[in-house]
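Trainee: Would you be able to build a 3D model of this:
(chains A, B, C and D, ligands or ions: 12)
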Amino acid sequence: MEFKHKTPLLDQLETGPWPSFVTDIKREAESRKKNENNVEYQVNPDICEDLLGILELSFEHKRTHWKHGGIVGVFGYGGGVIGRYCDQPEMFPGVAHFHTIRVNQPASKFYSTEFLGALCDLWEFRGSGLTNMHGSTGDIVFLGTFTDQLEEIFYELTHNLNQDLGGSGSNLRTPSCCIGKARCEWACMDTQDICYNFTMEYQDELHRPAFPYKFKFKFDGCPNCCVASIARSDLSFIGTWRDKIRIDQKAAAAYAGGELAPNGGAHASRDWGPFDIQKEVIDICPTGCMAWDGKKLSLNDKECTRCMHCIAVMPRALRPGVDTGCSVLAGAKAPILDGAQMGTLIVPFIKAEAPYDEIKEQVVEPIWDWWMEEGKNRERLGELIKRQGMQKLLEVTGFKAVPQMVQEPRSNPYVFWKEEEVEGGWKRDINEFRKYHKR
Amino acid sequence: MEFKHKTPLLDQLETGPWPSFVTDIKREAESRKKNENNVEYQVNPDICEDLLGILELSFEHKRTHWKHGGIVGVFGYGGGVIGRYCDQPEMFPGVAHFHTIRVNQPASKFYSTEFLGALCDLWEFRGSGLTNMHGSTGDIVFLGTFTDQLEEIFYELTHNLNQDLGGSGSNLRTPSCCIGKARCEWACMDTQDICYNFTMEYQDELHRPAFPYKFKFKFDGCPNCCVASIARSDLSFIGTWRDKIRIDQKAAAAYAGGELAPNGGAHASRDWGPFDIQKEVIDICPTGCMAWDGKKLSLNDKECTRCMHCIAVMPRALRPGVDTGCSVLAGAKAPILDGAQMGTLIVPFIKAEAPYDEIKEQVVEPIWDWWMEEGKNRERLGELIKRQGMQKLLEVTGFKAVPQMVQEPRSNPYVFWKEEEVEGGWKRDINEFRKYHKR
Amino acid sequence: MAFISSGYNPAKPMENRITDIGPRKPDEFFPPVIKNNYGKWLYHEILEPGVLVHVSETGDECYTVRVGGTRLMSVSHLREICEIADKHCDGYLRFTTRNNVEFMVDSKDKVAALKEDLLSRKQAGGCFKFPVGGSGAGITNIVHTQGWVHCHTPATDASGPVKATMDVLFDEFTSMKMPAKVKVSLACCLNMCGAVHCSDIAILGYHRKPPLLDHEYLDKMCEIPLAIAACPTAAIKPAKVEVGGQKLNSVSVKNERCMFCGNCYTMCPSMPLADTEGDCVVLMVGGKISNRVSAPKFSKVVVPYLPNNTPRWPEVTDAIKKIVDVYAADANKYERLGDWAERIGWEKFFEKTGLPFSHHLIDDFRDPAYYTWRQTTQFKFT
Amino acid sequence: MAFISSGYNPAKPMENRITDIGPRKPDEFFPPVIKNNYGKWLYHEILEPGVLVHVSETGDECYTVRVGGTRLMSVSHLREICEIADKHCDGYLRFTTRNNVEFMVDSKDKVAALKEDLLSRKQAGGCFKFPVGGSGAGITNIVHTQGWVHCHTPATDASGPVKATMDVLFDEFTSMKMPAKVKVSLACCLNMCGAVHCSDIAILGYHRKPPLLDHEYLDKMCEIPLAIAACPTAAIKPAKVEVGGQKLNSVSVKNERCMFCGNCYTMCPSMPLADTEGDCVVLMVGGKISNRVSAPKFSKVVVPYLPNNTPRWPEVTDAIKKIVDVYAADANKYERLGDWAERIGWEKFFEKTGLPFSHHLIDDFRDPAYYTWRQTTQFKFT
Ligand code: SRM
Ligand code: SRM
Ligand code: SRM
Ligand code: SRM
Ligand code: SF4
Ligand code: SF4
Ligand code: SF4
Ligand code: SF4
Ligand code: SF4
Ligand code: SF4
Ligand code: SF4
Ligand code: SF4
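Mentor: Ligands and ions are numbered 1, 2, ... in the order given. Okay, here's the model as predicted:
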């Protein structure tokens, strides 16, 4: 089909095995041209074609053609919409405005076709018909609409779809979680439930900017971190256990004997030779706390750091313990500005059962109070912890310092003693001192 | 014998198996009182007794009684003497002055009794008769004399003992080295020779402060670092080799068979069970580059990092290679102020043969020029490298960047590109840009 | 086109307004087999690339077919997904944390038909609509960001390089031949939207020219103090300049101090960095997120510059292919890319991959740089 | 006592002055067996604690008997050492890098007599003058600094704690029962003269009270700008103060910012830190210097405060003994203390040694502190 703009460069991305986003955008452009269901498009119907046009121009110039987003949004909310305008509106009127709307995804991203279909209808009608499923934070991203449609879309979402927006700006960002108990045998925490619970509890923080900067929660059911919480959330909640790994010796023997495929068959496309339990499990265990005597697998749980390796290799023989909860890590963020941070362990273990009051009252809220009090503009939690020190975090939360919080004790001896900790205090009389020490 | 001051606290350090410095000081005090050889003591003969007295007072007060050292020294030298005065001269006139003199030790600290005796005579005569054998940097430390004796001592040292002072202040400090080839089979560099050679070459830098701060050289014959160069010298020279570890298979078998004591008998006082070459050598090798098939030891030298472990465990079977030289590391220092630094590898391998011109001209001197140019007052080389970056060091020395210089590549992508490295340069016209990108 | 109101009344925005209702409750969308076995799963198995079975203590089984997604999806494409889900999966589906789509069925005999249906659907140019794979020790979908499709700060595109790279890595998507999972991610600028900084292989857009200064508008439009404060290296200073005769309050940038982070531009639209030659792609490798065996770690910069060679970024895809191939051939089973590089030593990584090492790769950013240098005599000759 | 001139003439300091001649050449002092076999050594063996033999390719052997030294030595003691060397060692001896004395003989049958002679010599109070040991997998001499014997900045003594500690560790000096070498060091203040910061066990003097301000003399004697510049935490500000009616230019110190480093005092004698209760001993462990197996590493603070309990510092020696005993019992053969602690995890180190963990031990000094915190879910419950 003939389109408004020639796209010789983009067209080269329509071959090869991987799905082509170019072909897909063209598909949407085509369906708009055809408009077989006679949709009363509420935005410029050329929107997809003009997107292709401006994208082609970027492929030529190797530069973006999007302008700085202005402040647009819906009444009473400080987030959920990212304003976007192109820098060639005459050439591409269809994307003169190209705002995105962040729609709060259902935790762990299951959909009924009925709900997903309804979202499609709305977005075809009032937007570009293009989406991101999903954005990096986890939202359903409606990609590109005009300012006059924002309130309309919000109204329909809330009134017809019982669905709210996600976060942006200096808000709590849309929480997300791994699939967890829904379809994973390793979940030590009900990730969907805690994710949904926190999202509902903190709606105000999510919609109305009251923080120094963005703030993110993510929930992983176990240390595999399938939602990457440890790398990209100001507070990461990661399921773990404090009792013993459950062992099914029969199954262990079956793995050792080669009857069961190691790692649930994850390496099946290549011949790695026969499974060697010693080499592939015992020797790789980072703590060396396992042993295999040819018949029996023994495991010293006191030395285990719950790294998941043995469990992953022999899922039918080993399972996480039953006294479960989560570890809480704080401060993960991307590199801007002072370098990336991984989450730092601040709560080694805490029970995670609805309604999660202990976590909210003893972890989340004291930390927010501190950050809102002390955090500079655009300072992430991790940066504040670095700036004021872990000690300060312990003070404001009242957590007891435990060695689990550190990889190693300090190697510099620069302890900032407090006056009350030092016998005799700090007030001294120089003349008294000089009695014993002449100048 | 009755002494001038009661020392009830110090006296409690005169029992127990380890030699007592208190008893030793008393011994010297006593010999001064007796003065059997009728020495014309040039300093207050109570000097040792008063030292005991003031030390006892410190043990009582748990505070030092030494004042800040004034600037004393010998004519034309900016170092070698540390001024010291006590803060209770009336009570302890014998130590009213208590300056130390740093005497440059012979490399690796061998002595003839004749030379050592001569030093003793001089110091009994013109000082306290108390020494440190040796100071932490390596000097012979003459502990405690009066200002009027400084030139006299220097005169006698240079004229009668053919012996010069060591360094202090913002000078090159007295270089030192491990015992090396003199009595160690592992020395990959002639540590005494290079230490002596550098000391002589840089006498001017050693005696006359021209640096931003102190500067230290240390020379270790191999990676065992018996003179701790890697931890405490601005430039550490550490012997290594680039060919293959020499293997004596017979001896290896003898170790495996238990005929030879592992690690030269270093663990003999305890029963560690029979020697297990697999467990004690092969499995501990950090690179896993060795194998023992029951008869033959094989070693993949390309993977070896020359950590010395296997050689230390089986000194009769394994020896360093023959194509030897040294690695150079820069910047080691104590924690003051911004935290300690370990030496950073700046030259993976360089030949180390007299007269060492390549090392002097391509490593030492360019680095000194840079440090003297750019170093702030009291900024150690390591701190300058941190402040201006490794790149800067590479620029001033002209070393090629190699991956051996780093443990890992940078994890932040903040590369400071230079204008000449970027096509088209940095000068651009905003109006040209705005043609394609409307505001 | 006529404006059709949703019912929203601009004059009375608060009139029966609904807010703070949050997202839909996840269990509304669980297919029966998931609802019935929630928290009861015993173990899983990957039957073939992209096809998983999870077995419950109730005896139920959930078969999952995972297909690659472009993430940028049209409603037409989504409707096709719905149609498939209706046909095979009782009207349910899900998306993964890496933008793949998962179709679930409750018995083994439904799998073949589903898979066949999925693979039979192709785009006009011959691309698969629903390639099956992305599981186990293979290379799954590339998480990525907006790029030239939507953002204002990118130094490269997102969807373009991803398509080009996935085409090159397609065999690895549909198989499980890697020593361990290999996670590839893309971020189009330093903001690194996504967990790009902890990926086995990270494709990063990077600017290499300091901001242009649009003085006139800096004066008119920008909060100059904010721009100045935004600069991490304090390269920006206030400056009075003269443009076309008129005196303006603007800024000057000390170019040698600029690290091209674009933070000033985030604060001030009159300081754009985008440049045809300046903008480039940086490759980082060896990061990971899971706590399996080793702790999570950041990716390391191993290629400081590759050109934005549209539309297919061949230099980028070649370098990635080379790294993947060397890793696959050399690493131990279960060993992540970063663990492999650390075991053999980074000097060996460069030797084996043939990637050139240059001073750009040595950390010189702030104090912690020191910790990445080598403080031992232990190294390998290469 | 009459002044006796060396020949130096104060009026003409340059008159036949000799300078820049450096130290004596080392080989002047090599005993024959060393001179003849220089660079020819084949291997060594430790025959018993403190007794080593080095065998040369010429067939020569060098037997070394190593004895503990106090480092602070009187000339009387040194003369006795010379006497012994003359009697047994052809008039040669050496000192080690850890202040031990080494007597060398060229044949095995000279060893017994030498050793007997050395051990027979005792001080009045019964202390050995020349304890034999300090070799192999034992605990050798403690490198240390000046303390109250000579320095102006110490927070503890040096010779005193060393004597007390070596008495407690004496069995380990005379035997080789440790898993590996255990190097103990002492520094009496943060300047850490010596390689204290990389020792298996480091005893460190530390102040805990901010400097006293001797305003009058600050004004009179001190370079106030230097003192201000010296402070790493910028805790010092210029201040006008009134003392006994007179206005003085002095400084004020923001005490909460002070880290007690004493750097101001190094620059300015009117800011002393020494204090009876404030000064204390800090214990650091797990450092190493050699590149054997693992890279060199810094010692870590495990006891933030122990009192200066003169004359024998029992709290310090008890803690050290406990650490040594637990390490000796728990570590693998060849495993240095720090490598052991890292293998079992520091949380286990505290559990096994029973040392209390407190917030003081968590790094909060500058950015790199972050790298000592735990960025993984991997930890052991204790
Ligand atoms: C849409 C999205 C990328 C995507 O294509 O998926 C996105 C897009 C933007 N991010 Fe992001 N971020 C998105 C997830 C992330 C993530 C990943 C995550 O949340 O898990 C990160 C890394 C984690 C983190 O928060 O550190 C991330 C780190 C940033 C940063 C750096 C923040 C930092 O402290 O390091 C910025 C810069 C800023 O905030 O000014 C940023 C800024 C931006 C802005 C608003 C650009 C700007 O400078 O104002 C982008 C708007 C682009 C556009 O036009 O839509 N974005 N951003 C993601 C949100 C979609 C969603 O809601 O699901
Ligand atoms: C005498 C000696 C200690 C000893 O008893 O052995 C010593 C004594 C002093 N050192 Fe030191 N340092 C001595 C070896 C060291 C070492 C060890 C070494 O050289 O291998 C170090 C650690 C390595 C290093 O250089 O970093 C060392 C690191 C310091 C520092 C911290 C320097 C730094 O950059 O971190 C200072 C503080 C200063 O320079 O102001 C210092 C300062 C001092 C001063 C001058 C005190 C002062 O602040 O002015 C001490 C004089 C004490 C006195 O009254 O005698 N001393 N000093 C050592 C020299 C004897 C000799 O020449 O053999
Ligand atoms: C579906 C998904 C969760 C979700 O909520 O969507 C998921 C599902 C599973 N993950 Fe995952 N992981 C998912 C993203 C992740 C991520 C996050 C990411 O990739 O951004 C990680 C961390 C990546 C990293 O470490 O860099 C992740 C690290 C793991 C690991 C640890 C692998 C390792 O070697 O370090 C395991 C254990 C294993 O593979 O045996 C695991 C295991 C699993 C298991 C086997 C769990 C189970 O018993 O069902 C699931 C199937 C794995 C497979 O497909 O091979 N999952 N998994 C995500 C699929 C993404 C995709 O479409 O490809
Ligand atoms: C004599 C001396 C050199 C000197 O110039 O004075 C020396 C001599 C030897 N050292 Fe050393 N080392 C000497 C200080 C050191 C130091 C520096 C220090 O202690 O401050 C170190 C680094 C300490 C550290 O790593 O913290 C040191 C780390 C080693 C090592 C590595 C040990 C390890 O397990 O890491 C070896 C190898 C071994 O022991 O097998 C070694 C091996 C040796 C050998 C076996 C070398 C040889 O073949 O002769 C020598 C006898 C060792 C013994 O006594 O057990 N030497 N050795 C030093 C004796 C000090 C003392 O009086 O106790
Ligand atoms: S994080 Fe753990 S619980 Fe969650 S999906 Fe991954 S493996 Fe399962
Ligand atoms: S979970 Fe990890 S640490 Fe624990 S036993 Fe298994 S492999 Fe070892
Ligand atoms: S550093 Fe090496 S060469 Fe020197 S004494 Fe020690 S072991 Fe021997
Ligand atoms: S020197 Fe070290 S790395 Fe090399 S083979 Fe021996 S043990 Fe292995
Ligand atoms: S990474 Fe940068 S350019 Fe890409 S979406 Fe995020 S902010 Fe925009
Ligand atoms: S790009 Fe970054 S470093 Fe450069 S001027 Fe802007 S803010 Fe400063
Ligand atoms: S450590 Fe401190 S107190 Fe001890 S000698 Fe060195 S400078 Fe003086
Ligand atoms: S002791 Fe150190 S931190 Fe405290 S005031 Fe003096 S210089 Fe500053």
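
Trainee: number of nearby residues for residue 107?
Mentor: Just going to use chain A. Counted with other CB atoms under 10 Å in any protein chain shown, residues neighbouring A:Ala107 total 31. Yep, even glycine has a C-beta here, placed from its N, CA and C like the rest.

Trainee: Not quite, go with chain C.
Mentor: By the measure other CB under 10 Å, the count of residues near C:Ser107 is 11.

Trainee: now swap in C:His77 and tell me
Mentor: Count around C:His77 with other CB under 10 Å applied: 28.

Trainee: And for C:Asp325?
Mentor: When neighbours are counted by other CB under 10 Å, C:Asp325 comes out with 12.

Trainee: now the strands: where do they sit in the stretch 51-200 of chain C?
Mentor: Taking DSSP state E, counting those that start in this stretch as the test, the strands found in the stretch 51-200 of chain C are C:51-56, C:61-67, C:72-74, C:92-95, C:101-105, C:184-187.

Trainee: Any chance of a markdown table for those, columns mean pLDDT?
Mentor: Listed next are these as a markdown table, based on pLDDT from 0 to 100:
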| stretch | mean pLDDT |
| --- | --- |
| strand C:51-56 | 98 |
| strand C:61-67 | 98 |
| strand C:72-74 | 98 |
| strand C:92-95 | 98 |
| strand C:101-105 | 98 |
| strand C:184-187 | 98 |
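
Trainee: Could you export those as JSON lines, including mean neighbour count and distance to chain A?
Mentor: Shown next, in JSON lines, are the strands of the stretch 51-200 of chain C (neighbours: other CB atoms under 10 Å in any protein chain shown; distance: least, CB to the nearest CB, whole Å):
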{"stretch": "strand C:51-56", "mean neighbour count": "21", "distance to chain A": "5"}
{"stretch": "strand C:61-67", "mean neighbour count": "24", "distance to chain A": "6"}
{"stretch": "strand C:72-74", "mean neighbour count": "28", "distance to chain A": "4"}
{"stretch": "strand C:92-95", "mean neighbour count": "25", "distance to chain A": "4"}
{"stretch": "strand C:101-105", "mean neighbour count": "24", "distance to chain A": "8"}
{"stretch": "strand C:184-187", "mean neighbour count": "29", "distance to chain A": "8"}
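
Trainee: and ligand 10, which of these is closest to it?
Mentor: Counting by CB to the nearest ligand atom, ligand 10 lies closest to strand C:184-187 out of the strands of the stretch 51-200 of chain C; the figure is 16.3 Å.

Trainee: Check the offset of that closest one from the chain's centre.
Mentor: From the chain centre to the centre of strand C:184-187 is a distance of 3 Å (CA atoms, centre = their mean, to the nearest Å).

Trainee: Minimum distance to ligand 5: which of the strands of the stretch 51-200 of chain C has it?
Mentor: For ligand 5, the closest of the strands of the stretch 51-200 of chain C is strand C:51-56, at 10.3 Å, according to CB to the nearest ligand atom.

Trainee: Please list the residues of the stretch 151-300 of chain C that sit near ligand 3.
Mentor: Proximity of the stretch 151-300 of chain C to ligand 3 is confined to C:Ala180, C:Lys181, C:Lys183, C:Ala195, C:Lys288, C:Ile289, C:Ser290, C:Arg292 under the rule CB under 6 Å from any ligand atom.

Trainee: which one among those gets closest to B:Gly273?
Mentor: The nearest member of those to B:Gly273, counting by CB to CB, is C:Arg292 at 34.5 Å.

Trainee: For the closest one, which three-state class applies?
Mentor: Three-state call for C:Arg292 (DSSP: H, G, I helix; E, B strand; the rest coil): coil.

Trainee: before we move on, what about A:Thr131?
Mentor: strand.

Trainee: Pull the number of nearby residues for it.
Mentor: When neighbours are defined as other CB under 10 Å, A:Thr131 has 26 of them.

Trainee: How about C:Ala113?
Mentor: For C:Ala113, the neighbour count with other CB under 10 Å is 12.

Trainee: So for it, what's the nearest residue that isn't a sequence neighbour?
Mentor: C:His88 (6.8 Å; CB to CB, 6 or more residues apart in numbering or on different chains).

Trainee: looking at it, the one you found is touching C:Val105, isn't it?
Mentor: Yes. Contact criterion CB atoms under 8 Å: C:His88 and C:Val105 qualify, at 6.1 Å.

Trainee: Can you work out which residues contact both of the two?
Mentor: Residues touching both C:His88 and C:Val105 (CB atoms under 8 Å, 6 or more residues apart in numbering or on different chains) are C:Leu114.

Trainee: Where does the closest residue to ligand 1 within the stretch 101-250 of chain A sit: helix, strand or coil?
Mentor: Proximity of the stretch 101-250 of chain A to ligand 1 (CB to the nearest ligand atom) peaks at A:Gly135, 2.3 Å away. Following three-state DSSP, we place A:Gly135 in the coil state.

Trainee: Next, the contact list for it, please.
Mentor: A:Arg102, A:Val141.

Trainee: pretty sure A:Ala256 contacts A:Ile277?
Mentor: Yes. Counting by CB under 8 Å, A:Ala256 does reach A:Ile277; the two are 4.5 Å apart.

Trainee: higher neighbour count, those two?
Mentor: Ranked by neighbour count (other CB under 10 Å), A:Ala256 and A:Ile277 place A:Ile277 first, with 23 against 20.

Trainee: What's the per-residue pLDDT of that one here?
Mentor: On the pLDDT scale, A:Ile277 is placed at 98.

Trainee: okay, the residue of the stretch 301-439 of chain A found nearest ligand 3: pLDDT?
Mentor: Going by CB to the nearest ligand atom, ligand 3 is nearest to A:Ala312 of the stretch 301-439 of chain A, at 3.4 Å. With respect to pLDDT, A:Ala312 scores 98.

Trainee: now A:Gly69
Mentor: A:Gly69 is assigned 77 on the pLDDT scale.

Trainee: check contacts around it.
Mentor: Contacts of A:Gly69 (CB under 8 Å, 6+ apart): A:Ile82, A:Gly83, A:Arg84, A:Tyr85, A:His99, C:His152.

Trainee: In three-state terms, label it for me.
Mentor: What three-state DSSP gives for A:Gly69 is coil.

Trainee: Sketch out the low-pLDDT regions of the chain for me.
Mentor: Just going to use chain A. Counting by pLDDT under 70, chain A shows no low-confidence range.

Trainee: could you do chain C instead?
Mentor: Regions of chain C meeting the criterion pLDDT under 70 are absent.

Trainee: make it 80
Mentor: Chain C contains residues with pLDDT under 80 at C:1, C:195.

Trainee: Give me the neighbour count for A:Lys181.
Mentor: A:Lys181 has 24 neighbouring residues, counting by other CB under 10 Å.

Trainee: swap that for C:Thr276, sorry
Mentor: The number of residues near C:Thr276, taken as other CB under 10 Å, comes to 15.

Trainee: what does C:Asn36 give?
Mentor: Neighbours of C:Asn36 under the rule other CB under 10 Å: 14.

Trainee: The residue sitting furthest away from the middle of chain C: what's it in contact with?
Mentor: Within chain C, C:Gly245 marks the point farthest from the mean C-alpha position, 46.8 Å out by CA atoms, centre = their mean. Listed by CB under 8 Å, 6+ apart, C:Gly245 has no contact partners.

Trainee: what about it, distance to A:Lys6?
Mentor: For C:Gly245, the distance to A:Lys6 (CB to CB, to the nearest Å) stands at 42 Å.

Trainee: do the same with A:Pro93
Mentor: A:Pro93 is 18 Å from A:Lys6, by CB to CB.

Trainee: Does A:Cys178 touch A:Ser108 like I think?
Mentor: Yes. Using CB under 8 Å, A:Cys178 is in contact with A:Ser108, at 6.8 Å.
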